[in-house]
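J.: curious how this folds, go ahead:
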Amino acid sequence: MPSETFTHSATAAAPIERVWASLDEPGTWEAIGGVHRVFDPVIDDQGRLRGFSFDTVAAGRRYVGTARPDRRDEGRLMAWRIQNSEVRGVTMVELEEVEGGTSISVTLEVESVGLLSSMFFPVVAGAIGSGLPQAVNGFAAGYATDP
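T.: Numbers count the residues shown, from 1 in each chain. As a prediction, the model looks like this:
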């Protein structure tokens, strides 16, 4: 099946602890890329986000998907295994403390789920990839004015 990987990085003017804490807030994932609306979040007893459902729009169509934990290195990396009817993959956010703030690197790995979806995959993947830089830059820029 066809697959694509997209990566973009930006720097937030906020300490790494603050950026990390926001990754456990369901609404944060609406700003990172590929997700338009998060719903049905699962939060554990320690306040950590453990999964969610989401809507995304690609090539003019709305898709409903799920995100389940893939990998988590406290304070540094959070990755979700994502899937909807057309694609599956991993969304990963890596944080690194840098002078003046936090470097945020977002990687989206997506692959087609089935034969029919593989025909439309270039359009869907193109929509995902083209929106990532703006989403990551906007997410990082949001820390410039937030307390």
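J.: what comes into contact with stretch 44-56?
T.: Residues from elsewhere that reach stretch 44-56 (Cβ atoms under 8 Å, 6 or more residues apart in numbering): 23-26, 29, 34-43, 62-69, 72, 80, 82, 84. No exception for glycine: its C-beta is placed from N, CA and C like everyone else's.
J.: which among the residues you listed end up buried?
T.: With burial judged by 16 or more other Cβ atoms under 10 Å, the buried subset of those is 23-24, 26, 29, 34-35, 38, 41, 63, 65, 67, 72, 80, 82, 84.
J.: T28 should be in a strand, yeah?
T.: No: with DSSP: H, G, I helix; E, B strand; the rest coil as the criterion, T28 is located in helix rather than a strand.
J.: can you map out the helices along the chain?
T.: 16-22, 29-32, 115-141 (DSSP state H).
J.: distance between the longest one and the chain's centre?
T.: Put plainly, it is helix 115-141. Here helix 115-141 is found 11 Å from its chain centre; the criterion is Cα atoms, centre = their mean, to the nearest Å.
J.: before we move on, back to that, just name the most buried of the helices of the chain.
T.: Mean neighbours per residue, mean count of other Cβ atoms under 10 Å, is largest over these for helix 29-32, with a mean of 20.
J.: who does the lowest-mean-pLDDT helix or strand in the chain touch, helix- and strand-wise?
T.: Using mean pLDDT, DSSP states H and E, helix 115-141 stands out as the lowest-scoring helix or strand of the chain, at a mean of 81. Here helix 115-141 touches strand 3-12, helix 29-32, strand 49-58, strand 87-98, strand 101-112, going by 3 or more Cβ pairs under 8 Å, 6 or more residues apart in numbering; DSSP states H and E.
J.: which stretch among these comes nearest V123?
T.: Ranking the helices and strands packed on helix 115-141 by proximity to V123 (Cβ to Cβ) places strand 49-58 first, at 7.5 Å.
J.: got the buried residues for that closest one?
T.: Residues of strand 49-58 classed as buried by neighbour count (16+ other Cβ under 10 Å): 49, 51-54, 56, 58.
J.: could you save those as a markdown table and add columns showing distance to F121 and pLDDT?
T.: Below are the buried residues of strand 49-58 laid out as a markdown table (distance: Cβ to Cβ, whole Å; pLDDT from 0 to 100):
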| residue | distance to F121 | pLDDT |
| --- | --- | --- |
| L49 | 28 | 97 |
| G51 | 25 | 97 |
| F52 | 24 | 97 |
| S53 | 22 | 97 |
| F54 | 19 | 94 |
| T56 | 14 | 82 |
| A58 | 10 | 68 |
